Structures are given as structure tokens and as C-alpha cells.
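> here is a sequence together with a model predicted from it:
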Amino acid sequence: MSARTVRETTRLETLRSYRVLDTPPEPAFDSIVSLARELFRVPIAGIALVDARRVWLKAVEGYEGQEIPRDEALCELSLATKDVLVIPDASADPRARERAVVASLGLRFYAAAPLRTAAGQQLGSLFIADRRPGKLGPADRQRLRGLASLAMEQLELRAALCRIAPTDARLKDVAEAVSMETGEAFVVALTRCLPEALGVDYAFVSETDTSEPGIAHCTICERGQTHRLMDYDLEGTPCAAVVAGEPRCYPKGVQKVFPADTALATLSVEGYAAVPLLDARRRVLGILGVLSRSPLPDGGGVLTHLGIFGPRAAAEMERLRGERRERERERRRAALMNVLPDMVFHVRRDGTFVDFHPGLGVKPVVPPEQFLGKKMGDVLPPDIAREGMAAIARAIDEGVMQVWRYEVEGRTYEARIVPGGADEAVSFVRDVGR
């Protein structure tokens, strides 16, 4: 038996150990696919698992089937790559153009991020696809990796719950309660459900402060009632060791070990258990833990159960941080746009106007409501539209800013066109006079 055959046999055994093939749709996976489709503005997205002779779709939008023969699908190609696979134009790619799915769906652009276990086994991919050629810049590649990590965390959580479900229905109830939640709603739902499931008084999630080491922000729940605590100093608390990357459990007497931690005394805490929340690079994002007014009868078991939910909590925390960064970037972008003298147009390769921001004291030839969603040829004279389309194509294909001058209604405009994402461009247009 060849080494390649052994690797594939091991990979398939790992895939089947997750017990996910041929299972019904689940909201958590469907939500990830919907987010991918919306984020990348593509008609097709899915979570694909590569079985022996088929590619099975755990979740998909834009395609009616549940599975595709393995030798006809593009998803198999991602098994040969360790990072994001990008096929800008499947019709021109020798690896892809003969695959039946390319012709049947008219696919051109395809990108996939691997679903890889901690041991390095690749189960499949999270993919996006379009019927137009496209590209992925570094930021979009990172976003696709992030969504794939979120899907993999959900697969890990699902597999762990399958293993414990026969012996602990309470934890299965927790998983069901949080499966449809994301972001802040997930954190609140998890901290509400864990105390009853684990027989403790409190559950908490703390997030480390990236700008001020040694400080954390905490959400804590007491048997169904959620409290949001103020920022707290980690020094002298059991959380300090967890933030350093190590799970910690003190089944009893935690106040005596950490007398400087006044919160433990205020809450009358006797037992403590917590695990670190790690991102994809194994950096600590925060803590998931529980507190008990009585000794913990099985501290090791509590740590094991927290470890089941920890990866998903970390993925949601990482997503929250990403959303905050995106909001901050959008805030800065909006502030910049408000002082730009240029009009800004976001345009697809086919000439469709998808977004617009007015410049200071400058108005477009026609009001935005008359051109947004329409193509350049619908609102500009044919010869000018052709020149503009050519400049957009050059900017996207060459990745270099294009300068284009044109005249409309007796006025001269100068457009500086730069690549703006997958098969799109951003045009900064200035009225330079008559």
C-alpha cells in the first residue's frame, strides 16, 4: 500500500469519526455559508466534505444538490493545497475546466479554504463560487480562512457532543441552545446555560484587553441571570494563570489560594475551573470558566466539558474582534470619505455600479438612484462607457491604478481607478472643469 493510499485511508477514517456525513441541515453551518455568500457577494457558497467517491455538502446556497461525484467536483482540488485555493477562471484552468460541475453550473471563479483538524487531516473545504471570473486579495483570503476556522470549530463541537451525548444530555441541551447564536448572543447564551448543566453557580467569559495587558472584560451569569462586570485586574486572581495559556482548576478553597481576589469573596466562591480561549495562532483571547459556592466534585470533568465549548467560544470572540476592527475601519473610511473632494464609485467588472459616495461640492451627471444597480452603458454614452469598462478591466487584471479622462455634457472628469476586491474596482472621480 502506497504512502498516498495510507494518508487517504487515514483521512477518510478521520472524516467518518466526526459522524457528520448524511446528517440533516443544521442552523450553525447554514449561517456560516450565508455569511460567506453575503460577505463575498457570490451566488454560490458551501461547506464541502470530501468522501471516498463523492463530495458531500453539509451546507450550501446557490446549488440544489446535496452531493457531487468526487471526480466531477472542484472541491477535491483543495485537498492538494495547504492554504486557500483560488481559481480565477475555471474555464481557463487545466485542473478545473474538465470537471463536469464547471460546465453544468457555468462556474468561472472558485475559492476554497481548508477544513483541517488539529492533527492536520483535511476533511474538506469552505468554498465560494461565481459564474464570473474573479480574484481574492490578501484580506479576502484571510476572511475566507476565518470562516473555514469557524466551520471547523463547529464540526469539532458537534463531534465532541456526539461522544458525550449518550452520558450527558444536559451538555447536549447547552449545544442546542447556543448552536444558532453568534457573537455576543453566543457568549450570553453559553454563560446562561453552563451553570445548570455543570451543577455550578456561575459561568463567565472574559476577554483580554489587547491595548492594556493584565486587564480583562467579563460577562458572568448566575443561574440564568446575566451580569456584565466592569473591567478587572488579573493580578492576584486564578485567571492570571489561565491567561498565560494553562487550564486551571481549584475544586475547593480557591479563596485561600487567592486572598487578593475580592470578587471571589464577594461571590462566596469555593470552587473554580477555567480554560483559555485560543485563536488559530494559539494566542490567548480570553477565558471560559465556572465558579461554585460549594466544592467541585469532579474538577477534571468540568475542565473537560469547558474544553468542548472553548474552541467555539474562542471562534466567536475572534469574530467579535474582527467585527469591531471592521467597524473601526468603516468609521475611519466614512470620516475620510466625508472630506474627499472626489466622487467615489464602486463598480464591478461588467460595469454595474454597486456603491457611491459624493465628493465635496461635486455631483454626478445623474442622481445615484438612477445609476446604482445599473451598468455603465445604461447611463453614459456608448463610447465613454466602453473606455470606462476598458480602464476598469485593466485595473482589475493588472492590479495597477488607471487614470481615465472623459467628457460629459461639456465638462471634463478625471477618474483614478484601483482594484477594489474580487472582480471589482473603485473609481475616484474629480471634475477638472470645462
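Nice, thanks for sending it over.
> strands paired with whichever strand or helix holds residue 277, and their directions?
In the assignment (DSSP states H and E), residue 277 maps to strand 271-278. Here strand 271-278 is paired, per DSSP bridges, with strand 248-250 (antiparallel), strand 284-292 (antiparallel).
> after the shortest one, next one along is what?
Which is strand 248-250. helix 254-257.
> quick one: contacts of stretch 30-49?
Contacts with stretch 30-49, where a contact means CB atoms under 8 Å, 6 or more residues apart in numbering, come from 15, 20-21, 29, 55-63, 73, 75, 105, 107, 109, 112, 115, 123-131, 134, 140, 143-144, 147, 150-151, 154, 180, 182, 422. C-beta coordinates here come from the backbone N, C-alpha and C atoms, glycine included.
> just the buried ones from the residues you listed?
Among these, those scoring as buried are 15, 20, 29, 55-63, 73, 75, 105, 107, 109, 112, 115, 123-130, 134, 140, 143-144, 147, 150-151, 154, 182, 422 (criterion: 16 or more other CB atoms under 10 Å).
> what about those, which are in helices?
Of the buried ones among the contacts of stretch 30-49, the ones assigned to helices by DSSP state H are 15, 29, 105, 140, 143, 144, 147, 150, 151, 154.
> now render those residues as TSV, adding pLDDT.
Output for those, formatted as TSV (pLDDT from 0 to 100):
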residue	pLDDT
15	91
29	90
105	88
140	91
143	90
144	94
147	92
150	88
151	91
154	87
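> can you tell me which of those residues is nearest residue 304?
Of all these, the one sitting nearest residue 304 is residue 154; the distance, using CB to CB, is 19.0 Å.
> on that earlier part again, only alpha carbons, please: show the strand holding residue 277 as CSV.
The C-alpha trace of strand 271-278 is given here as CSV (Å, rounded to 0.1, in the frame of the first residue of the first chain):
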residue,chain,number,x,y,z
GLY,A,271,-14.5,26.1,43.5
TYR,A,272,-13.0,27.5,40.3
ALA,A,273,-12.3,25.9,36.9
ALA,A,274,-11.4,27.7,33.6
VAL,A,275,-9.8,27.1,30.2
PRO,A,276,-8.0,29.6,27.9
LEU,A,277,-9.7,30.7,24.7
LEU,A,278,-7.1,30.4,21.9
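> domain parsing for this protein?
By the assignment in automatic domain parsing, the chain contains the domains 3-159, 182-332, 340-433.
> as TSV, these with distance to residue 176 would be great.
Formatted as TSV, the domains of the chain follow (distance: least, CB to CB, whole Å):
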stretch	distance to residue 176
domain 3-159	10
domain 182-332	9
domain 340-433	36
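> where exactly do the helices run in the stretch 201-350 of the chain?
239-243, 254-257, 262-266, 299-337 (DSSP state H, counting those that start in this stretch).
> pick the most deeply packed of the ones you listed.
helix 239-243 (a mean of 21; mean count of other CB atoms under 10 Å).
> weakest of the helices of the stretch 201-350 of the chain in terms of mean pLDDT?
Within these, confidence is poorest for helix 299-337, with a mean of 80 (mean pLDDT).
> what packs against that helix?
helix 138-164, helix 169-178, helix 183-198, strand 202-208, strand 248-250, strand 271-278, strand 284-292 (3 or more CB pairs under 8 Å, 6 or more residues apart in numbering; DSSP states H and E).
> quick one, phi/psi of residue 62?
phi 90, psi 0 (degrees, to the nearest 10).
> the residue lying closest to it once chain neighbours are set aside and residue 134, how far apart?
In this structure, residue 62 finds its nearest non-sequential neighbour in residue 44, 3.5 Å apart by CB to CB, 6 or more residues apart in numbering. Residue 44 sits 12 Å away from residue 134, taking CB to CB, to the nearest Å as the criterion.
> what's the answer for residue 355, then?
17 Å.
> got any ranges where the chain has weak pLDDT?
1, 162-171, 210, 224, 226-230, 280, 336-339, 361-362, 421-422, 434 (pLDDT under 70).
> which residues touch the residue sitting nearest the centre point of the chain?
For the chain, residue 147 is the residue whose C-alpha lies nearest the centre (CA atoms, centre = their mean; 3.1 Å). Shown in contact with residue 147 (CB under 8 Å, 6+ apart): 32, 35, 36, 39, 113, 126.
> so the second one sits in a strand?
Translated: residue 35. No: going by DSSP: H, G, I helix; E, B strand; the rest coil, the assignment for residue 35 is helix, not a strand.
> and for it, the neighbour number?
Residues lying near residue 35 (other CB atoms under 10 Å) number 16.
> can you check the fifth one too?
When neighbours are counted by other CB under 10 Å, residue 113 registers 28.
> ditto for the first one
A total of 23 residues lie near residue 32 under the criterion other CB under 10 Å.
> from the ones in helices among the buried ones among the contacts of stretch 30-49, pick the one nearest residue 80.
residue 15 (16.4 Å).
> ok, the residue nearest to that closest one when sequence neighbours are not counted to residue 159 distance?
Leaving out its chain neighbours, the residue that sits closest to residue 15 by CB to CB, 6+ apart is residue 123, at 5.0 Å. Distance of residue 123 to residue 159, given as CB to CB: 11 Å.
> then residue 384?
58 Å.
> cool, residue 256 as well?
Note on residue 256: its distance to residue 159, by CB to CB, is 39 Å.
> swap in residue 40?
27 Å.
> residue 395 against residue 404, yeah?
No: counting by CB atoms under 8 Å, residue 395 stays clear of residue 404, with 9.3 Å between them.
> identify the contacts common to the two.
residue 417.
> who has more neighbours, these two?
Neighbours were counted for residue 395 and for residue 404 using other CB under 10 Å; residue 395 has more, 25 against 19.
> in what helix or strand does that one lie?
Residue-wise, residue 395 maps onto helix 382-398 under DSSP H and E.
> against which helices or strands is that helix packed?
helix 376-379, strand 402-408, strand 411-419, strand 424-433.
> go again with 10 Å.
Where contact means 3 or more CB pairs under 10 Å, 6 or more residues apart in numbering; DSSP states H and E, helix 382-398 is packed against strand 343-348, helix 376-379, strand 402-408, strand 411-419, strand 424-433.
> show me what counts as buried in the second one.
Using 16+ other CB under 10 Å as the burial criterion, the residues of helix 376-379 that qualify are 376, 379.
> and for the fourth one?
Buried residues in strand 411-419, counted by 16+ other CB under 10 Å: 413, 415, 416, 417, 419.
> send me that strand as CSV with only the CA atoms.
Output in CSV follows, covering the C-alpha atoms of strand 411-419 (Å, rounded to 0.1, in the frame of the first residue of the first chain):
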residue,chain,number,x,y,z
ARG,A,411,-17.3,69.1,-18.6
THR,A,412,-14.1,67.1,-18.2
TYR,A,413,-13.7,64.4,-15.5
GLU,A,414,-10.7,62.5,-14.4
ALA,A,415,-11.1,59.1,-12.9
ARG,A,416,-8.4,57.2,-10.9
ILE,A,417,-9.4,53.6,-10.9
VAL,A,418,-7.9,51.0,-8.5
PRO,A,419,-8.7,47.3,-7.8
